[in-house]
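**Q** next comes the sequence, and after it the predicted model I'd like to discuss.
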Amino acid sequence: ANGNKTTANNIQFNGIDANNLSQNSAASDGEEVGVAAPAPDTIQEFKVQTGNYDASYGRGTGANVDVVSRTGSNQFHGTAWEFLRNDILNANNFFLKLTNQPRPVLKQNQFGGALGGPIWRNKTFFFGAYQGLRSSNGEGDQVTVTLPQLSSDRSAATLGRQFCAYSTSAGGAQVACDGSNINPVALALLNFKFQNGQFAVPSPQILLPVTDPTQIPIGESTFATPATYNEDQYTLNIDHAFTQRNQLSARFFYSRAPTVEPFSPNAANVPGWGTNELDQNTMLVLADTHVLSSKLVNIARAGFMRFDGISAVANPILASDLGAQSPTGASGGKIVAPGITIDGLFTVGDAGRPSQWQVTNSFIWQDTIAATRGSHTMRVGAEAKRHQVDVEAPFSADGLLDIRTFNDFLLGQSASQNGSPSGSSNVSLSNGS
């Protein structure tokens, strides 16, 4: 709002600060959990202010959003809902048709129910709700990748015969036509298969015509593997009137949202290295409202907000599977293979960052007194907050190798081994720090 960043917004849940210090967006970003979005049927009031707000909203210069939860009454009331969307009438897109791939999956099912009523008539009331979301989307994670024209026969002899006519970027030694000097790590990666029988480096779905005889023959593949997003959220509100002048209320919200993405940011552009993400929101607010007189009201509140997120990239290949060592210097049987990028072609691995984790806890205490005298109203209040942010985001924990050409990848020698006239290794970048 007003051209500000999301962190300039101020979001309140039943009068309590419900902001994530990392980002105030309703959408999550990796391990940074977005602001909670309760089901519409659980909300009594929703107000957005983008200007002319008073001092109680002094935190941010963007939008001020107030969410007030529903409560029960002396009558039982309930709702149930079901929303369904699917892809039965969707058209396929051009690139998937070109590679003879099916129409992407796009399905969403949102369902739930709410119930409120009395526990002790005229004294104690409850309101509870549940909402579930099941979503599968193959359109948002569509990836097109250029691949060398590999067949199912990936023996050293076949690879040497197919690619020995093309030069490396480093110069010096070249791939032998009998494949005798192909690096065993490259050979192991090209022949590695997942449990479903698919190659880690797939063969292209379509072959592209050769336009430059000095470049290796290439093809293209388009992948539209569905990403899945599920969410379960729970709401429980209790109100109790001690007297007509004194009321205690409790508001609780919890959501758990696991996401599975087939591709990870800045990581592999071929299937196998997806992201598993788990976002959790917890909100608890206690409020005591005391009408001291017809002209004086005091509201005391205490709140706890927690944003808990973890994002982890799948690593199906260990360094030991390839007979390789980690550029980070790490050793052991469970060390994953480093990320490998062939410029202009494919990338495998997690780009060096296997997982990220972040937890934000906020503890809030506040008290507000509202006084009315004639046509004038005055509010005075105080608030104390304690924020705690824990972050674990390792950089290049697994290492990352960048290689200029496919033939440099096949050879994989140092400058002293390949005799490069420019003193260049076949691996142009080895990031292990």
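**A** Received, thanks.
**Q** residue contacts, residue 72?
**A** The neighbourhood of residue 72, defined by Cβ atoms under 8 Å, 6 or more residues apart in numbering, consists of 116, 117, 118, 119, 125, 126, 127, 237, 239. In this view, the C-beta of every residue, glycine as well, is placed from N, C-alpha and C.
**Q** try it again at 7 Å.
**A** If you count contacts by Cβ atoms under 7 Å, 6 or more residues apart in numbering, residue 72 has them with 116, 117, 118, 125, 126, 127, 239.
**Q** in this protein, which spans are helices?
**A** Using DSSP state H, the helices of the chain run over 94-98, 156-163, 184-191, 319-322, 406-411, 415-418.
**Q** related to what we said a few turns ago, neighbour-wise, which of the contacts of residue 72 leads?
**A** Greatest neighbour count in the contacts of residue 72, by other Cβ atoms under 10 Å, goes to residue 127: 23 neighbours.
**Q** hey, what's it bridged with?
**A** residue 116, residue 237 (DSSP bridges).
**Q** if I pick the nearest residue to residue 234 once chain neighbours are set aside, what's in contact with it?
**A** Using Cβ to Cβ, 6 or more residues apart in numbering and skipping the chain neighbours, the partner closest in space to residue 234 is residue 254 (5.0 Å). Contacts of residue 254 were listed using Cβ under 7 Å, 6+ apart, and they are 233, 234, 281, 282.
**Q** any chance of TSV for those residues, columns neighbour count and pLDDT?
**A** Output for the contacts of residue 254, formatted as TSV (neighbours: other Cβ atoms under 10 Å; pLDDT from 0 to 100):
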residue	neighbour count	pLDDT
233	21	97
234	16	97
281	25	95
282	16	96
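**Q** strands of the stretch 251-400 of the chain, start to end?
**A** Here the stretch 251-400 of the chain has its strands, by DSSP state E, counting those that start in this stretch, at 275-293, 296-313, 339-342, 347-348, 355-373, 376-392, 400-403.
**Q** need the winner for burial among those.
**A** Ranked by mean neighbour count under mean count of other Cβ atoms under 10 Å, the strands of the stretch 251-400 of the chain are led by strand 339-342, which reaches a mean of 24.
**Q** nearest residue to residue 219 in space, please, no chain neighbours.
**A** residue 204 (2.4 Å).
**Q** pretty sure that neighbour contacts residue 151?
**A** No: the pair residue 204 / residue 151 is not scored as a contact, 10.3 Å apart, by Cβ atoms under 7 Å.
**Q** who has more neighbours, those two?
**A** Taking neighbours as other Cβ under 10 Å, residue 204 and residue 151 compare with residue 204 leading, 18 against 9.
**Q** run through the residues that contact the more buried one.
**A** By Cβ under 7 Å, 6+ apart, the neighbours of residue 204 are 147, 149, 219, 220, 221.
**Q** quick check: the farthest pair among those?
**A** Greatest spacing in the contacts of residue 204, by Cβ to Cβ: 149 and 221 (11.4 Å).
**Q** looking at the two, which one has more neighbours?
**A** residue 221 (20 against 15).
**Q** can you name the residues bridging to the more buried one?
**A** Taking DSSP bridges as the rule, residue 221 bridges to residue 145.
**Q** residue contacts, it?
**A** 99, 145, 147, 202, 204, 205.
**Q** out of those, who's the most crowded?
**A** In terms of neighbours by other Cβ under 10 Å, those top out with residue 147 at 22 neighbours.
**Q** who's in contact with that residue?
**A** 202, 204, 218, 219, 221, 345, 346.
**Q** thought the third one was touching residue 148?
**A** Yes: here residue 218 reaches residue 148: they are 6.0 Å apart, a contact under Cβ under 7 Å.
**Q** between the two, who's got more neighbours?
**A** For residue 218 versus residue 148, the count of surrounding residues by other Cβ under 10 Å is larger for residue 148: 23 against 18.
**Q** how near is that one to residue 374?
**A** 83 Å (Cβ to Cβ, to the nearest Å).
**Q** likewise for residue 419?
**A** Residue 419 sits 95 Å away from residue 374, going by Cβ to Cβ.
**Q** ditto for residue 41
**A** For residue 41, the distance to residue 374 - Cβ to Cβ - is 40 Å.
**Q** how about the helices of the chain, which one is nearest residue 134?
**A** Evaluated over these, closeness to residue 134 peaks at helix 94-98, with 23.6 Å, by Cβ to Cβ.
**Q** buried residues, that closest one. List them.
**A** Neighbour-count burial for helix 94-98 flags residue 96 (criterion: 16 or more other Cβ atoms under 10 Å).
**Q** can you give me the neighbour number for residue 41?
**A** Residue 41: 16 surrounding residues under other Cβ under 10 Å.
**Q** same check, this time on residue 182
**A** With other Cβ under 10 Å as criterion, residue 182 counts 24.
**Q** wait, it sits on residue 156?
**A** Yes: counting by Cβ under 7 Å, residue 182 does reach residue 156; the two are 4.8 Å apart.
**Q** how about the contacts of residue 147, which pair is most distant?
**A** Maximum pairwise distance in those, criterion Cβ to Cβ, is 13.0 Å, between 202 and 218.
**Q** show me the shaky parts of the stretch 51-200 of the chain.
**A** 58-59, 140 (pLDDT under 70).
**Q** how about a cut-off of 80?
**A** Applying pLDDT under 80 to the stretch 51-200 of the chain flags the ranges 51-61, 87-104, 138-142.
**Q** number of nearby residues for the spatially closest residue to residue 337 that is not a sequence neighbour?
**A** With sequence-adjacent residues excluded and distances taken as Cβ to Cβ, 6+ apart, residue 337 is closest to residue 317, at 4.4 Å. Using other Cβ under 10 Å, residue 317 has 22 neighbouring residues.
**Q** surely residue 317 and residue 200 touch.
**A** Yes: if you go by Cβ under 7 Å, residue 317 and residue 200 touch, sitting 6.4 Å apart.
**Q** list residues touching both of those two?
**A** Common contacts of residue 317 and residue 200 (Cβ under 7 Å, 6+ apart): residue 192.
**Q** show me which of residue 419 and residue 374 is the more surrounded one.
**A** Taking other Cβ under 10 Å, residue 419 and residue 374 do not tie; residue 419 has more neighbours (12 against 6).
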